[in-house]
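# show me how the following folds:
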Amino acid sequence: MLIGKLAARTGAAERQLRHYERVGLLTAARRHNGYREYDDSAVDTVRRIRALLAAGLPTRTIRTVLPCATGDGTVHPCPGVLDLLRNRLATLDQRAAELATARQALLDSITVAERAAG
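You can find the predicted model right below:
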């Protein structure tokens, strides 16, 4: 199938599909005119990529995790994958804590400003 049909079937933009190919997550054959030709399995691959992106994984991690993921993004144990996922979770937890601290500081500033105004 051509890139437009794959985009329509997966909800991904053509630009995203080209990016997935550039970073090694998706492969396409080329027609004699240079058009990308995807096989039917590309639909499931794109769905897995999008599910893993939605879970907060960067594309460099997805390259390793993708062969172990099902269509809905569920990951089966593969060598090294659990360590990658645990490391990513730790990074997300750290970012969440930093955001919570920043949020509280902002809330405190708003409270002080409201009291001063009132």
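
# hmm, which helix or strand of this structure has the shakiest average pLDDT?
helix 59-65 (a mean of 90; mean pLDDT, DSSP states H and E).

# what mean pLDDT does the helix or strand that that helix is followed by get?
Using DSSP states H and E, the helix or strand that follows helix 59-65 in sequence is helix 81-117. Helix 81-117 shows a mean pLDDT of 94.

# for helix 81-117, packing partners?
helix 59-65 (3 or more CB pairs under 8 Å, 6 or more residues apart in numbering; DSSP states H and E). Where C-beta positions appear, they are placed from N, C-alpha and C, glycine not excepted.

# give me the contacts around the least confident helix or strand of the chain.
20, 23-25, 49, 52-53, 57, 75, 78, 80-81, 84-85, 88 (CB atoms under 8 Å, 6 or more residues apart in numbering).

# go on, stretch 43-56?
Contacts for stretch 43-56 (CB under 8 Å, 6+ apart): 6, 9-12, 17, 20, 25-26, 59, 61-62, 65-66, 69-73, 75, 88, 92.

# quick check: the closest residue to Gly4 other than its chain neighbours vs Tyr38, distance?
Once flanking residues are discounted, Gly4 sits nearest to Glu14: 6.5 Å by CB to CB, 6 or more residues apart in numbering. Noted for Glu14: a distance of 11 Å to Tyr38, by CB to CB, to the nearest Å.

# of these two, which one has the most company?
Ranked by neighbour count (other CB atoms under 10 Å), Glu14 and Tyr38 place Tyr38 first, with 22 against 14.
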